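Asks: Give the three-dimensional model of this entry:
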Amino acid sequence: MDKVNYLDISRAMDVKKRSDRIIYRIFEILPGALSLGTLIGVFVFSWLIPSAVSIFVICFCFYYLLKILYFSIHQVIGYIKSKKHLKENWLYDLKKLKNKDWKKIYHLVILPTYKEGPDIIKESLNSIIKSDYPKEKIIIVLAIEKRAGKIYDEYAKKIAEEYGNKFFKFLVSEHPDNVLGEVAGKGSNVAHAGLEAQKLVNVLKIPYEDILVSSFDIDTKVYPQYFSCLTYYYLTQKNPLSASYQPVPVYNNNIWSVPFFSRVVSTSNTFWQMIQQERPDKLTTYSSHAIPGKVFFEVGYPKNVVCDDSRIFWRAYFAYDGNYHVVPIYYLVSMDAVDTPNLFKTIINQYKQQKRWAWGVAEIPYVLFGFLKNKKIPLSKKIGHTITLVDGYWSWATAALLLFILGWLPILLGGDTFNFTVISFNLPILTGRIMRISLVGMFISAILSTMLLPPAPKGTSIFKKISIFFQWIFLPVTLILFGSLPALDAQMRLMIGKHMGFWVTEKVRK
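Replies: A predicted model of the protein is given here:
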């Protein structure tokens, strides 16, 4: 199997050679088996060897405490850097660069849409217009879906007429329906739009090296200096073509109007991304991000997966034999938190969105299989990425549940003999104290979340403003309902071979 073939794999059935297909299938089973095995194991061993489990519980709680403190430090540093980046005059910094012609850099912005209304699309376009980068250097591709229906085709034509003269070029691409080998969704739409854009770029004779491709969600609104900041990072990298560029996502578009759990989930995601920005060796592309045009056109955007935003990184990583990485940009882009007109539907949609994100666990078999096939990537890199991926998805699925049940399981299942021991008496007391200390992480999140908020809409009540801070007391429950459970759901589906399709998050405006 050559490099091109293994880059295109989306599931075990794509592998032609039987022995390789079995290996890939084992890798698909691995994440769910680890998570499920851990949860089943703590019940079984709490019954069979409660004393040993109690020691494990204490060690795990201390480990989790240290992890929270470690993450909290990165979270604060990431926040400080983000605020600093927002204050920087990036266009001025570009003009000061010596031996760098920033004016030659074009930005190709792909906006994939399915059934979003014109208002949402226009909000994204207006944010780009308000940005300080020269619009004559920005190419917009509005990527619509044929399966959405004729009315959305009409919307796109009207938007193109209204905005066509505000940018260097404005292209509408229509992704055909029912294409063999594709997963209907954002990835296949962006891949098709990229091919259409490549034709235009070739006609215009713009060098691929002078193009940065921003793959956005349709609700992405850029902050004013995003393109200037991105261009500065691109031009000041030692090897600019060997990296993708990742801004920090915030969900401020509708943050004041969504239910508390949507705010907690979306803000937690922002903080996690800030933490990851501080660990660039563990960073992959996520949601809205930028790719050098040369990489985008050479490697090809993935069209047969759900988690296209991370897969494009791994495709490039393997295509360039591990000589590819992600550059963290501490500048912000804003998107929607989950919301619908109905509270119960919002809960369901929040769960579905988290499950779709958790489907990134499918990257584990893809990456492990790629490591087997690509002999040029150093072993140290393979081990590092493997640990990061496996630990990340294992923790996502199990950590919140373990912290919730571990302190009491040995006592409930250990029997009378164990319950009369000293360790049995002290276990809940000790774990309780450790967890109370770990609340410092939640307190930091509560403070930073209020500092990241946009100005409250006129008429917002004092109660609403105060509740933004105190909503974090629901974090433990939120981590289980919208963290562990959808992650386990995704891993079980991967384990039994029930692959997910792309679910589009509903966008509304109230």
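Asks: element containing residue 469, please.
Replies: Assigned by DSSP states H and E, residue 469 falls within helix 462-470.
Asks: any residues touching the following helix or strand past that helix, and which ones?
Replies: Using DSSP H and E, the next helix or strand after helix 462-470 towards the C-terminus is helix 475-479. Residues outside helix 475-479 that contact it (C-beta atoms under 8 Å, 6 or more residues apart in numbering) are 261, 264, 265, 268, 399, 400, 403, 404, 442, 445. (Glycine included, C-beta is placed from N, CA and C.)
Asks: Likewise for stretch 79-86?
Replies: 223, 225, 229, 248, 274, 277, 329-332, 448, 451-452.
Asks: Quick check: can you list the domain ranges of the protein?
Replies: 3-69+387-496, 89-335 (automatic domain parsing).
Asks: all strands of the stretch 301-450 of the chain, in order?
Replies: 325-334 (DSSP state E, counting those that start in this stretch).
Asks: Where do the helices of it begin and end?
Replies: Applying DSSP state H, counting those that start in this stretch to the stretch 301-450 of the chain gives helices spanning 308-319, 343-358, 363-373, 379-405, 409-413, 415-419, 422-452.
Asks: now the angle from the second one to helix 379-405?
Replies: Inter-element angle recorded for helix 343-358 and helix 379-405: 150 degrees (by axes from the mean of the first three to the mean of the last three C-alpha atoms, to 10 degrees).
Asks: Sort out which residues of helix 343-358 are buried, please.
Replies: Buried residues in helix 343-358, counted by 16 or more other C-beta atoms under 10 Å: 346, 347, 349, 350, 351, 352, 353, 354, 355, 356, 357, 358.
Asks: cool, and the last one?
Replies: Of the residues in helix 422-452, 423-424, 427, 430-431, 434-435, 438, 441, 444-446, 448-449, 452 count as buried by neighbour count, 16+ other C-beta under 10 Å.
Asks: Kindly state the distance between the middle of it and the middle of its chain.
Replies: 26 Å (C-alpha atoms, centre = their mean, to the nearest Å).
Asks: Please apply the same query to the fifth one.
Replies: When distances are taken as C-alpha atoms, centre = their mean, helix 409-413 is centred 37 Å away from the chain's centroid.
Asks: backbone phi and psi for residue 239, please?
Replies: Main-chain dihedrals, residue 239, degrees, to the nearest 10: phi -130, psi 80.
Asks: Relative to residue 327, how far out is it?
Replies: In this structure, residue 239 and residue 327 are 10 Å apart, going by C-beta to C-beta, to the nearest Å.
Asks: Quick check on those two: which one has the bigger neighbour count.
Replies: residue 327 (19 against 9; other C-beta atoms under 10 Å).
Asks: Would you mind measuring from the more buried one to residue 377?
Replies: Distance from residue 327 to residue 377, by C-beta to C-beta: 19 Å.
Asks: Residue 440 too?
Replies: The value you get for residue 440 to residue 377, if C-beta to C-beta is used, is 39 Å.
Asks: Could you list the low-pLDDT ranges of this protein?
Replies: The chain contains residues with pLDDT under 70 at 1-4, 510.
Asks: Apart from its chain neighbours, what residue comes closest to residue 490?
Replies: residue 358 (3.9 Å; C-beta to C-beta, 6 or more residues apart in numbering).
Asks: Can you name the residues that contact that neighbour?
Replies: 393, 396, 397, 486, 487, 489, 490, 491.
Asks: would TSV of those residues with neighbour count and distance to residue 92 be doable?
Replies: Below are these laid out as TSV (neighbours: other C-beta atoms under 10 Å; distance: C-beta to C-beta, whole Å):
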residue	neighbour count	distance to residue 92
393	25	42
396	25	41
397	29	46
486	22	44
487	29	44
489	19	48
490	26	45
491	29	48
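Asks: Switch those over to a markdown table, and while doing so, append distance to residue 502 to every line.
Replies: Below are those laid out as a markdown table (distance: C-beta to C-beta, whole Å):
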| residue | distance to residue 502 |
| --- | --- |
| 393 | 19 |
| 396 | 20 |
| 397 | 21 |
| 486 | 15 |
| 487 | 18 |
| 489 | 16 |
| 490 | 13 |
| 491 | 18 |
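Asks: got a list of what the nearest residue to residue 310 once chain neighbours are set aside touches?
Replies: Sequence neighbours aside, residue 284 is the residue nearest to residue 310 in space, at 4.8 Å (criterion: C-beta to C-beta, 6+ apart). By C-beta under 8 Å, 6+ apart, the residues touching residue 284 are 310, 313, 314, 326.
Asks: Same question for residue 72.
Replies: 440, 441, 444.
Asks: ok, 6 Å please
Replies: Taking C-beta atoms under 6 Å, 6 or more residues apart in numbering as the criterion, residue 72 is in contact with 441, 444.
Asks: May I have the secondary structure class of it?
Replies: helix (DSSP: H, G, I helix; E, B strand; the rest coil).
Asks: Would you mind measuring from it to residue 443?
Replies: Separation of residue 72 from residue 443 (C-beta to C-beta) stands at 9 Å.
Asks: And residue 460, by the same measure?
Replies: 23 Å.
Asks: elements contacting the helix or strand where residue 197 lies?
Replies: Element membership for residue 197 (DSSP H and E) is helix 186-204. Where contact means 3 or more C-beta pairs under 6 Å, 6 or more residues apart in numbering; DSSP states H and E, helix 186-204 is packed against strand 106-112, strand 138-145, strand 169-175.
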